[in-house]
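1. model this:
(2 chains)
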Amino acid sequence: MDPRRSARTVSDPKVRQVGFFTPAAPPERSCSDPPRQQDLIQPQSPSSTQVNDHFRSGDSLSPVMIPPPPHHHSDTLHRTALQVTSPKTAFSYSARTVTIPTENDDVPSSLSPSRKVVAVKSPSSYPGVRASSVPASELTTVSVVNLPPGISEKAGGGASVEVQNDRPVRSKSLKEKTSKAERRAMQEAQRAAKAAAKAEGTKASSAATKVVTSANTKPSKAAKPSSQKNDGSQFAASEKKVGDRAPEKDRKKDAPHPRMQYDDTSRVEKAKKRAVVKQTEVRNRVELFRHLPQYEHGTQLPDLETKFFELDPMHPAVYKVGLQYLSGDIRGGNARCIAMFQAFKEAIKDYSTPPEKTLIRDLTARISSYVSFLIECRPLSVSMGNAIKFLKNQIAKLPLALSESEAKATLVSDIDRFINEKIIVAEKVIVKHAVTKIRDGDVLLTYGASSAVEMILLHAHELGKQFRVVVVDSRPKLEGQLLLRRLVRKGLSCTYTHVNAVSCIMQEVTRVFLGASSVLSNGTVYSRVGTACVAMVAHAFRVPVLVCCEAYKFHERVQLDSICFNELGNPDAISKVHGREDINYLDGFVNRENLQLLNLVYDATPSDYVSMIITDYGMIPPTSVPVIVREYRREHLWS
Amino acid sequence: MWWRSASFILDRQQEQNANVPPNPESLLHSSPPSSMADSLQNPKPNVSAYYQTRAAHHAVVTSDWLAQAQAAVSIQTEDDSSGSDGRIAPVTGGKGDDKAFSVIDEFNSWRKQPDLAEAVAAIRALAAVIRASQATTMMELEIELKKASDSLKAWDTTSISLTAGCDLFMRYVTRTSALEYEDFNSARSRLIERAEKFGEISCKARRIIAMLCQDFIFDGCTILVHGFSRVVFEVLKTAAQNKKHFRVFCSEGRPDRTGLRLSNELAKLDVPVKLLIDSAVAYTMDEVDMVFVGADGIVESGGIINMMGTYQIALVSHSMNKPVYVAAESYKFARLYPLDQKDLGPALRTIDFGVPIPSKVEVEKSARDYTPPQYLTLLFTDLGVLTPSVVSDELIQLYL
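-> The predicted structure follows:
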């Protein structure tokens, strides 16, 4: 191709630089990752969880609970507010947080918040309620998991983990030799020494910056100094230098933290130390996905419920949301994000700055600890990551002169603004744009249950457009049925099919509308598993694929496959078919060495298969996602 | 005189048809013409104004057109009075709400000029609105302009560059921060100046594009051109003036036969030209080195909307791995995103097959098609040489 070649070599000075250049100097700080800064996380010291293990007597849990005496391992962080909150208020709040319009919209009353309250209260009633509520979802199978093996597994959890670590780290021997009691004694001693030193009058400023981490991470780190080493000398160095700590720490906090790789044993160990949620790893991990957390599902909930009143650093609202993530009560990017922000709002309202600390730093650290708890419950979605970034940025931007109540009010209103502008209004704008692409006589196909797509379909129906909807669904979540129910109730004519039949049904389809968990900057659409399959079939049939996604879910990361970052669901959900006792071919095979069950939650659709992305900035081709990411960040994070 | 030309008469009819629903006020002023609208009834009312402009600019003479002209001559005197009535009405009225009516007139008068693109005519018309406006604050002026541009857009929904031009100018008015610091009068004169300049900009844009394209036209190449585009003609003319040796294949461009006109013009420049019928494009494609087309509009996906037949040429050249170059000014960038051919409102035109068509036979009358971005190689615009995907980036930066 001669003409092309000559074209390439030409360098014309008149060619204006367009596209991905940045006119103004871009801000230094990049916010690539949802905050997983483990150095900031305010860890739950191991002692407390161990104590909890002792306190927990079986799983019998009376509805009325007397909170056990608080632990004194972090007096400085004790908030009176938390202890004041009675179970009653916590639960009434719990009913309030579930104000996600899309979720609540048409859910029958048995699915309404009351159920969730019950679920939180007593684990014993949990499976029964669940079985009656949703006909066939993953939730059901979660609750079906019989408890005894789970418990036994948990009892031997430490051992099994050790088995997993096929390369025993020699340096850990020190830690393993010390018994629990000894370690606790060590920590107590250090803490006491620390408190004494502080009382003598360290400078308030340096203390303020350090207290959050030092109070908690120090002891645990001291307990295992050797494993600290392989974390890199930089970390150790920063630990020593107390004086010039603050700026460096800031930088570290904002540096893009690589996503935690769960095949990195030392890191996993460390994370486990801090974890509130004791996750049990599944027996047979899928080889290709070892870098992702693969946990036993359905075993942690009762344990966590018992701890509801014991956790000091966790605000009850956050805790509740975490449990809801864990059980799958709150699903969907928007719903999860809104629920998280509502919980954070409660937490901020109840927050009071401890003495000798600044609100900005302490609150950021506290939010980080909440976030790390939520991550333990379920990995963050990109939408949540972006939202957290926004919140932290708002906190950091607070003027120092602001009084505490003013600052809190500002933050609460910021959160409200975010929810309103970026989620609710954005969805309306998307609906407005998307409806223009629906003509009379269209056959629209959608996959799974996306709140945006649902609103589009309902709105188009309200406008009197004549169209048909094909809802494509897939096992094991069968979310499409929920969408189908709402559409049929509103009088739309629908066809329901499973993804297996998508190539047959695609012949009559004129548009494919898909939701997305996230859109990455190479145009890859990251969405419910199966979306890529639907998009590819549509592409093969020359049917335009429209992806509806709010701009706050865009992410600057680039991903080429669905392997390097994903979420793994409950393997039991695919090995068992609920309600079909005759399909029991895998009974007794689940724990076989040579069987690996892979239940992926998301997949990545390459941008070639996407005709258009409908966002609150309008309708854009997938190639323009980076522009939106750039504009969006400039507008909302750095302004 | 220009208002006696056939195109003007046609436009007036179209305008009356289109104008009545959106502007009830205009009825008051145009009541004399509307009373005789029955006699003036367009024999083919479903011909889009967009296509009429095209036809006028490209000097297409069809039998249909002649018939129109004939009809126009017979009612010339009446029309003359109605024409002057329409022109004078806003002046005598002098009220703010007449502007919507006058802006369309203004636009029509501008777009008569052969070298003026539709977008430029629209901007000139909006400038006239500013000049005639009695607004005393920027806000008032903005609202007035908004009204005017809305009525312009509503007047011809099929024209993409008209809409794009209006949007662009509105964007300029609302977004230019320099305007905020000045007092109203200087801001106003600056706006007018800007609008006046726009015509020059459009001419300059063509020259820039022509310069950019020179590096892509090499000696001995064969270029396939579809239809008549002022920009493409400018490109070829500049290349010929630069003493490049190249050959041009002109597709006929049925039914307007715009290709004939282009071949005529090129022959005057001593460029070797070969004329093809539209269906011979695939047959000759292996001799072709590159395809040059213009565009009526560049849409957000990076695809183009152009005269009917562009899509199939792009498809053929894509399958034969020949580059497709689009030459278009940046004011043709439009915030549209068609998903397929039928996603656009069709711009209808009349087609003369030479023989009577039975009434049962349907005729596809759309005047343009949409070429998706994956079939285009590069876009030559006054912003530079762009890949199709950059169009959306530019639009986002322009409109967000």
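2. Next to chain A, which bits of the stretch 301-400 of chain B? Give me the list.
-> Applying Cβ under 8 Å from any Cβ of the partner chain, we find that the stretch 301-400 of chain B lies next to chain A at B:301-302, B:321, B:323, B:335, B:337, B:339-340, B:342-343, B:373, B:377-378, B:383-386, B:389-390, B:392-394, B:396-397, B:399-400. The way it works is simple: take the backbone N, C-alpha and C, and place the C-beta from them, glycine included.
3. let's see 10 Å
-> Within the stretch 301-400 of chain B, the residues that sit near chain A (Cβ under 10 Å from any Cβ of the partner chain) are B:301-303, B:321-323, B:325, B:335-340, B:342-343, B:372-374, B:377-378, B:381-397, B:399-400.
4. Show me those that map onto helices.
-> B:388-397, B:399 (DSSP state H).
5. farthest pair in those residues?
-> B:Pro388 and B:Tyr399 (17.9 Å; Cβ to Cβ).
6. Show me which of these two is the more surrounded one.
-> More neighbours surround B:Pro388 than the other of B:Pro388 and B:Tyr399, with 24 against 15 (other Cβ atoms under 10 Å in any protein chain shown).
7. do you know how far the closest residue to the more buried one other than its chain neighbours is from A:Asn584?
-> Using Cβ to Cβ, 6 or more residues apart in numbering or on different chains and skipping residues adjacent in sequence, the residue nearest B:Pro388 is B:Gly302, 2.8 Å away. To A:Asn584, B:Gly302 is 54 Å away according to Cβ to Cβ, to the nearest Å.
8. Of the two, which one has the most company?
-> B:Gly302 (27 against 11).
9. Hmm, B:Gln374 and that one touching each other?
-> Yes - using Cβ atoms under 10 Å, B:Gly302 is in contact with B:Gln374, at 8.9 Å.
10. Can you name the residues that contact the residue in the stretch 301-450 of chain A that chain B sits nearest to?
-> Closest to chain B within the stretch 301-450 of chain A is A:Lys437: 6.3 Å, counting by Cβ to the nearest Cβ. Contact analysis of A:Lys437 by Cβ atoms under 10 Å, 6 or more residues apart in numbering or on different chains lists A:444, A:456, A:460, A:511, A:513, A:544, A:546, A:611-612, A:614, A:619, B:337-339, B:343.
11. among the residues of the stretch 301-400 of chain B next to chain A, which ones are buried?
-> For those, a burial check counting by 16 or more other Cβ atoms under 10 Å in any protein chain shown picks out B:301-303, B:322-323, B:325, B:335-339, B:372-373, B:377-378, B:381-396.
12. Which strands and helices lie in contact with the helix or strand containing B:Leu315?
-> Using DSSP states H and E, B:Leu315 maps to helix B:310-319. Applying 3 or more Cβ pairs under 10 Å, 6 or more residues apart in numbering or on different chains; DSSP states H and E, one finds that helix B:310-319 contacts strand B:221-225, helix B:281-284, strand B:290-293, strand B:304-307, strand B:324-327, strand B:368-371.
13. what lines up beside the first one in the sheet?
-> Meaning strand B:221-225. Using DSSP bridges, the strands paired with strand B:221-225 in its sheet are strand B:246-251 (parallel), strand B:290-293 (parallel).
14. most tightly surrounded among those?
-> strand B:290-293 (a mean of 26; mean count of other Cβ atoms under 10 Å in any protein chain shown).
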